[in-house]
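# The following comprises the amino acid sequence and a computationally predicted model.
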Amino acid sequence: MKKLLWFILLLQLLAGMSHAVDFRPSMLKIESENYIYYSFSHDELDIPVSISGTSCLLVFSIFTNGRSNEISAVQNGFLGWHYVNQVDTCVYYSEPYEFDPGHHSVHWDGRDQDGNYLNVQDDFSAYKYYLWGYDNKSERQPALKHAYVHGGLFDQRTHIQEIDNYGLPRAHPILCQTTERWILGSDPEDESAKLTTQLALPDGWVEHWDPYPQHDDNDNVIIAVTNREEKLGSLMKYRFVNGGDAEIFTDWGENAPFATQYQTDGNSKPSGVAGDGVYLYTTDSNFTDADRADSDFYIYDSNGVMLDEIDLSPWWSSEKDYQDGGQMNGGPSNLFYRHDYIFLIGHGSCLVQMIDPLRYCNTGCDSDLLIWSNGNGDYVCDMSFEITAERPWACNDYNAGLKKSISCDNLLFSLVCVDYGNHDSLFSLFAPDGCGIGTFAINRGEDKYGHETGFQIIDSSTPFDGLYTGTYISGNIHMDPVPHLYGLHYIAQDSFSGQIGVSQDCWDTNGMVKQTFPVGGETFTAGETCTIHWDYVTGCRVPLSISPEFSLDNGVTWNRIANDIETSAGKCSWRVPFVETDALLVRLGSNAFIENQSTASSIRNTIVAASDPTPHTFSLAQNSPNPFNPVTTITYSLARESHTTITVYSVTGEKVATLADGLMSAGKHSAVFNGSNLASGIYFYRLEAGGMVKSGKMMLMK
């Protein structure tokens, strides 16, 4: 009898184990040719497309290439709906193709979207093409059943951490919420996989979701907070302690434990926080019950000091919409960060935007902030064009379509989740210049009652790359007869870019781009910022774009450093990962027209003798105070004795001061900068020592 009981228990255990299946998504892969030759003679061009993994709905588009400098602050389209500024633009996009796995082709006859043949000028002979697609046939694949996505907006609550503390793609990305975390890849049904902490904010303060885990330590988290009674907004920093109380950094921020505080009207709706490792970004908008224009974008340094406050109300506020019965302010209430760009949407607005805060910081010019803006007029992501619209062409109006999320992939195609008041699972797709391509649906299978609360994309060369959607069922979810229909779900998605050119003469085996640093044999310090350099054959008419990459295993796997940099730039910055290896490779891209790809270099952590009680590293701190008037201190550290220079430049590149120039010992040093004879504005300081370079930015405010 005992043996029988043990046998029954064993069968039950095995039966239970059979249901524990780890999440391993079926990924979509879109591939084609990097370079395609075309005579532009009005013949039809067939572009080969290879689809693997899943079926695919695919859109093919053509863009200008290398002409972004010619396109400055252009606003056109019906009602001026589309604004582009220093970005290559879409000239054609196709109707969707339906492809199963296999080899296919897309077709183009050289015409633009208006049906006119494109003319090839003497100084311009190449275009960029994109292939973007997703699996619209397979049912969503459950990824995390118990993740908190119901009862609220998934995108506003959640940050998906794709990069680890070393600056490398995570093998298992982490879904981060303020007090909860989930590691992708475990059994979707396993609620015990949840990591939790408890966060107690100071009295009167509330958090506003979408946390930002720091690049170099993902357990250090920054959130946006407001105090409605005091009408204040700010940022706070805490440490995520699994299974315990979160530790608030009481010594962080200009108004510790708060960053620089700003005034609100009491109904503030911050968007959350984004960051690039140097700067922090957040927004503030009152889009409910407001009778005055109120929309701001804030830039902080990593120490919680506000560097700039930018008024976005010319874009996001409308007196006319308010008088017609809509809202005065539309947002922005959501933001998404990728490749140093930030994407903005408003919870109750037609507007979608992409901004470049680093470009703005480098020039100090307001016009350089906005890259593109898409409003009402292109019939994508809005409903006010309908004859039945209560307020035709109104933008700040919940009836124009309630936007729940924005996210983008590696090639800067952005998706916006829209609620049109029904149960359709819809998203609108925007091209890298903000051109609205269309609105698409996902296959929801059996789900008849669920609501999509947002979409987010993972696209960092992880085993989990693709599109994720938060789904919840209104009412009592515990009574739901189909329990797998809420939580986090996966949809396969991918994109590809290549170039179409008229002349093969420029694309010969001699190459048109030559990598000049690194070329192999160099040694880098983990965590430092270095500059990759290349020479560009300016006599060639083909304005090639490149995407630098690095490998830590002698080329077995590659990781993207930057995306689609124009070759005329000649350089790009790169933060060396926090690892130690002798198998580092750096290259400008995987094509045949680039010379001198790097041979093996090494990354090392700074090593000091055991007898030296002070471990020194090469580092440059943010100046303090910042902003300053007129004196500030710049602190830096040298790993070894080196000839050292510290110079200060204006935003135009003019050298305005030399703070150090001579031999200095290893260890910590400081230099004082006095800007009393200079105008208010942004300045850059540059440290050079021992063949290494670091730079910082500071703001003089008189």
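Everything's here; your move. Residues are numbered from 1 along each chain as shown.

# bridging residues for residue 29?
Assessed by DSSP bridges, residue 29 has beta-bridge partners residue 52.

# ok, now which ones touch it?
Residue 29 makes contact with 50-53, 494, according to C-beta atoms under 8 Å, 6 or more residues apart in numbering. From N, CA and C alone the C-beta is placed, and that goes for glycine too.

# now swap in residue 564 and tell me
Contact analysis of residue 564 by C-beta under 8 Å, 6+ apart lists 128, 411, 497, 545-547.

# Then residue 659?
By C-beta under 8 Å, 6+ apart, the contact set of residue 659 is 634, 646-648, 671-673, 685.

# Need the max-distance pair from these.
Greatest spatial distance among the contacts of residue 659 (C-beta to C-beta): 647 and 672, at 14.3 Å.

# Can you convert the contacts of residue 659 into JSON lines and add a column each for distance to residue 170, pLDDT and secondary structure?
Output for the contacts of residue 659, formatted as JSON lines (distance: C-beta to C-beta, whole Å; pLDDT from 0 to 100; DSSP: H, G, I helix; E, B strand; the rest coil):
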{"residue": "634", "distance to residue 170": "34", "pLDDT": "90", "secondary structure": "strand"}
{"residue": "646", "distance to residue 170": "36", "pLDDT": "92", "secondary structure": "strand"}
{"residue": "647", "distance to residue 170": "38", "pLDDT": "91", "secondary structure": "strand"}
{"residue": "648", "distance to residue 170": "38", "pLDDT": "90", "secondary structure": "strand"}
{"residue": "671", "distance to residue 170": "38", "pLDDT": "88", "secondary structure": "strand"}
{"residue": "672", "distance to residue 170": "41", "pLDDT": "87", "secondary structure": "strand"}
{"residue": "673", "distance to residue 170": "39", "pLDDT": "91", "secondary structure": "strand"}
{"residue": "685", "distance to residue 170": "33", "pLDDT": "89", "secondary structure": "strand"}
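
# Closest one to residue 203 out of the contacts of residue 29, please.
Closest approach between these and residue 203, by C-beta to C-beta: residue 494, at 48.0 Å.

# Quick check on that closest one: phi, psi?
phi -160, psi 170 (degrees, to the nearest 10).

# Neighbours of it, how many?
27 (other C-beta atoms under 10 Å).

# what ranges of the stretch 151-300 of the chain fall below the confidence cut-off?
Where the stretch 151-300 of the chain drops to pLDDT under 70, the residues are 151-156, 166, 266.

# pLDDT-wise, what's the bottom of the contacts of residue 564?
Across the set of the contacts of residue 564, residue 545 stands lowest in pLDDT, at 71.

# Next one: that one from residue 412, what distance?
Counting by C-beta to C-beta, to the nearest Å, the gap from residue 545 to residue 412 is 13 Å.

# Neighbour count for those two, which is higher?
More crowded of residue 545 and residue 412, by other C-beta under 10 Å: residue 412, with 24 against 20.

# Ramachandran angles for that one?
phi 70, psi 20.

# residues in contact with it?
Listed by C-beta under 8 Å, 6+ apart, the contact partners of residue 412 are 338-339, 341, 354, 432, 563.

# For those, which two are the farthest from each other?
354 and 563 (13.3 Å).

# Between those two, point out the one with more neighbours.
Remark: of residue 354 and residue 563, residue 354 carries more neighbours, 26 against 18, as counted by other C-beta under 10 Å.

# and the closest residue in space to the more buried one that isn't next to it in sequence, what element?
Nearest in space to residue 354, with sequence neighbours left out and distances taken as C-beta to C-beta, 6 or more residues apart in numbering, is residue 371 at 4.7 Å. Under the criterion of DSSP states H and E, residue 371 resides in strand 370-374.

# Off-centre distance for that strand?
Centre-to-centre, strand 370-374 and its host chain are 15 Å apart (C-alpha atoms, centre = their mean, to the nearest Å).

# contacts for that strand?
81-87, 315, 341, 351-356, 380-381, 430, 433-436.

# Out of the helices and strands in the protein, which is least certain?
Sorting the helices and strands of the chain by mean pLDDT, DSSP states H and E puts helix 2-18 at the bottom, at a mean of 45.

# and the nearest residue to residue 291 once chain neighbours are set aside, how far is that from residue 344?
Of all residues not flanking residue 291 in the chain, residue 328 sits nearest, at 6.0 Å (C-beta to C-beta, 6+ apart). From residue 328 across to residue 344, the span is 17 Å (C-beta to C-beta).

# Over to residue 685?
From residue 685 to residue 344 the distance is 30 Å (C-beta to C-beta).

# Between those two, which has more neighbouring residues?
Between residue 685 and residue 344, counted using other C-beta under 10 Å, residue 344 has the larger neighbour count: 27 against 23.

# which residue sits closest to that one in space, ignoring its chain neighbours?
Residue 344 sits nearest to residue 332 (C-beta to C-beta, 6+ apart), 3.9 Å away.

# Surely the one you found touches residue 286?
No: Residue 332 lies out of contact with residue 286 (C-beta atoms under 8 Å); the separation is 11.8 Å.

# Comparing the two, which residue is more hemmed in?
residue 332 (32 against 22).

# Give the helix, strand or coil label for the more buried one.
coil (DSSP: H, G, I helix; E, B strand; the rest coil).

# For it, give me its contacts.
Per C-beta under 8 Å, 6+ apart, neighbours of residue 332: 271, 283, 285, 295, 297, 312, 316, 344-346, 349, 351, 353.

# thinking again about what came up before, what packs against the following helix or strand past the strand holding residue 371?
Next helix or strand after strand 370-374 toward the C-terminus (DSSP H and E): strand 402-408. Packing partners of strand 402-408 (3 or more C-beta pairs under 8 Å, 6 or more residues apart in numbering; DSSP states H and E): helix 154-157, strand 334-338, strand 341-345, strand 414-419, strand 450-458.
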